[in-house]
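J.: Build the 3D model from these lines:
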Amino acid sequence: MNKANKRTLKKASDRIAARADEALRAADPRINAMSGKITEALSRSFRILFRNVDASESLGPSDRAKLRAIAGSLNEAQAHGLEVGSILRDQAKHMTDVAIRGVYDSVAAAAGVGANAKPVVLEGPDIFRSVRKLLWKRYEKSAERYSGAIGDRIRSMFRHGVEQRWTWSKIALRLSNDPGMRRVGDLSAGANRIAEGAGRVYRFWSERLMRTEGIHALNTAHYDATRRANAMDPGYVNKWNSSNDKRGCPQCASLDEAIAATGREFRSKGGTTALYPPLHPMCRCVVVAWRREWD
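T.: Residues are numbered from 1 along each chain as shown. From the prediction side, this is the model:
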């Protein structure tokens, strides 16, 4: 195959990756809404936690009672965190559609440059049932882990602060991840700012979870779709397509354009192996349907 045709096929693969990124961003409004609810609950917690405290004073054993006083608001924040499960499930449905379209796009692009391949007909509901069977329990566990981390981080940090005799200013700094908190004298008045800082941390965690699990759902569906295409017309394999830009990592780059038979792992020359992406959190790689004669 000539270089111009290879570029055409590469562009088709890149479009699939771009469509996946667009689909992942579609969840952002729901993530923002959930994160806002978590921040509001934390703000109520922190107004109690930092009420009538001297920023320069150290925490002591008697301050443990404040941790009990904010239990209700922390539980509310954690309950909102469980919403990530439903977002992940909806995202998996979307990603299944993106994956099926990706297989069709690969075949259409190959046909456009004169490569041979029989038309394939993929049953979306069947592929989605397969994805659901594989991923639903995983998503429930991810949601529980994310939800638990919200309250656990605050409780652990506060208990550690009591044991280490941290000042109230230091605990505010650690909770908010905001260096500017060192200059805030009235921590009670700054409770919202502390909550917003903590909320940004949880917002990033949720985004990382959504993007990582979203790519996992896409590639799970794509992997299954390629397997089905191969059953109808033997010769289909999986091809790794990494995002070769400044944000890419060496491990993913080493697998770019690697080929793997259905059911087999990808393997780079450097020894990196994977059944399909994601290779790491926030990975943007995708697998695409391919045939060796298209190379």
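J.: got the buried residues for stretch 97-113?
T.: 97-107, 109-110, 113 (16 or more other Cβ atoms under 10 Å). From N, CA and C alone the C-beta is placed, and that goes for glycine too.
J.: nearest to residue 137, of those?
T.: Distance to residue 137, by Cβ to Cβ, is smallest for residue 99 among the buried residues of stretch 97-113, at 20.2 Å.
J.: Help me confirm that that closest one comes into contact with residue 227.
T.: No - between residue 99 and residue 227 there is no contact under Cβ atoms under 8 Å: 11.7 Å.
J.: Pull the number of nearby residues for the residue lying closest to residue 81 once chain neighbours are set aside.
T.: Leaving out its chain neighbours, the residue that sits closest to residue 81 by Cβ to Cβ, 6 or more residues apart in numbering is residue 147, at 3.3 Å. Look at residue 147: counted by other Cβ atoms under 10 Å, it has 22 neighbours.
J.: so who does residue 147 touch?
T.: Residue 147 makes contacts with 78-82, 84, as judged by Cβ atoms under 8 Å, 6 or more residues apart in numbering.
J.: out of the buried residues of stretch 97-113, which are inside helices?
T.: 97-107, 109-110 (DSSP state H).
J.: looking at the chain, which helix or strand is least sure?
T.: helix 3-25 (a mean of 84; mean pLDDT, DSSP states H and E).
J.: Touching, residue 110 and residue 9? I think so.
T.: Yes - the criterion here is Cβ under 8 Å, and residue 110 meets it with residue 9 at 6.4 Å.
J.: got any residues that touch both of the two?
T.: Residues touching both residue 110 and residue 9 by Cβ under 8 Å, 6+ apart: residue 294.
J.: where does the stretch 1-150 of the chain dip in pLDDT?
T.: Along the stretch 1-150 of the chain, the model assigns pLDDT under 70 to residues 1.
J.: Quick one: the helices in it, in order.
T.: 3-25, 28-49, 64-69, 71-81, 84-112, 124-164 (DSSP state H, counting those that start in this stretch).
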